[in-house]
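*Asks:* Got a sequence here, can you model it:
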Amino acid sequence: MDLKQYEEKLVSSLGSFDDLQSVVDEMPSTYSALAKALYYIFQTEFLPKLKVSAENETAIVAEIKQKFPKNAKVTAAGHAMISASDNGELTFGGQEKTALPTWLLRGLVDYSSAESWPVFIPATLTLLDSPEIALRAQGCLAAKSIAEKYKAKLETSGLRPLFQEAIKSCLHYLPPSSKAEETMLIERPAVVSLLALATNNQELDAVMREGPLRAFRYTQQNVKLIIYLLDLVRTVADRLGPRTIIHLKELIHIFMAILADPYIDTSPELVEAACSTMSSVLLRHCAPRMPNYRYDVLYALAKAKVLQSPYFDDG
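*Replies:* Numbers count the residues shown, from 1 in each chain. Below is the predicted model of the structure:
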């Protein structure tokens, strides 16, 4: 069967864990998009029906322990463990399995109790160490869920820096070494996870600098990727608030480069995305400093003929 047939079979088996597990078990491991497909099915079809009670949480936790028994970066109690290899770097352990807990993990964190939270740590770190981009993206989202619910425990156990280090490596999937589609698969999960893990302004600034701002340098004029990154800038700026001013100069440079492109009129959706992001980010968060850049902005708008566009007329 092809992946689409497996997806249909999965949806029809959502009535019980046993049926769902049997379908997942029979899938070949050669599907690179398997994790992504399972994740979307889980989000749209399965999670709304999932009710984790005190009775079945024990069974689910046992299942996760079986599939992800350990990871060399954490102890059994869920604390950070520094294990050096011969070259002085951290050793990475754990098993690579695209089984049920791989895509069930994120949803279960939201339903878990404080006693069972260490169980999710080895599984999440294993996903973040995976060579499959789709699995790493899921690991980022699982880490976000853990950070939102157990940030204090991550801090006291020393795990927060481990998660940050693993997730930052996910920001390196950029053109030309990676396809634009791969960048768009993992960049947002990594960024929102780092935002959830951040505890101070310096870390938040680093997310903007090492995330979307750096990625803009590698877009290679890919319109879909640029629009994707513009939306990501808005997400980070909303978290930064007035501190977005720190990045104002680079943001102005990016907007001018986009709007001054001589072929911008062939991509009206890019013009709209750039203007929308400019108004929501620059005017909302950077208004005190905008007078210093008003002529640069007006020049870029005039260059792109935005002043005569329906979008500009609509405000």
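*Asks:* mind showing which ranges of the stretch 101-250 of the chain have poor pLDDT?
*Replies:* Across the stretch 101-250 of the chain, the ranges flagged by pLDDT under 70 are 101-116.
*Asks:* Name the residues of whatever helix or strand Ser145 lives in that are buried.
*Replies:* Element membership of Ser145 [criterion: DSSP states H and E] is helix 133-156. Taking 16 or more other CB atoms under 10 Å as the basis for neighbour counts, the residues of helix 133-156 that come out buried are 133-147, 149-150, 153-154. Placement of C-beta: from N, CA and C, glycine included.
*Asks:* Show me what secondary structure element comes after it.
*Replies:* For helix 133-156, the following helix or strand on the C-terminal side (DSSP H and E) is helix 160-168.
*Asks:* any idea of the angle that following helix forms with helix 133-156?
*Replies:* Helix 160-168 and helix 133-156 meet at an angle of 160 degrees, taking axes from the mean of the first three to the mean of the last three CA atoms, to 10 degrees as the criterion.
*Asks:* and the following helix or strand past helix 160-168, which residues are buried?
*Replies:* Downstream of helix 160-168, the first helix or strand assigned by DSSP H and E is helix 180-197. Judged by neighbour count (16+ other CB under 10 Å), helix 180-197 contains these buried residues: 180, 182-197.
*Asks:* Just list what whatever helix or strand comes next after helix 180-197 packs against, helices and strands only.
*Replies:* With elements assigned by DSSP H and E, the helix or strand that comes after helix 180-197 is helix 201-208. Counting contacts by 3 or more CB pairs under 8 Å, 6 or more residues apart in numbering; DSSP states H and E, helix 201-208 packs against helix 180-197, helix 223-240.
*Asks:* Same list, these, but as a markdown table with distance to Ser276 please.
*Replies:* Compiled in a markdown table, the helices and strands packed on helix 201-208 are given as follows (distance: least, CB to CB, whole Å):
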| stretch | distance to Ser276 |
| --- | --- |
| helix 180-197 | 17 |
| helix 223-240 | 8 |
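*Asks:* Compare those and give me the one nearest Thr126.
*Replies:* In terms of CB to CB, the element of those nearest to Thr126 is helix 180-197, at 15.5 Å.
*Asks:* orientation of the closest one relative to helix 201-208 in degrees?
*Replies:* An angle of 170 degrees separates the directions of helix 180-197 and helix 201-208 when computed by the same axes, to 10 degrees.
*Asks:* what's helix 180-197 packed up against?
*Replies:* With contacts defined as 3+ CB pairs under 8 Å, 6+ apart, the secondary structure elements packing on helix 180-197 are helix 133-156, helix 160-168, helix 201-208, helix 223-240.
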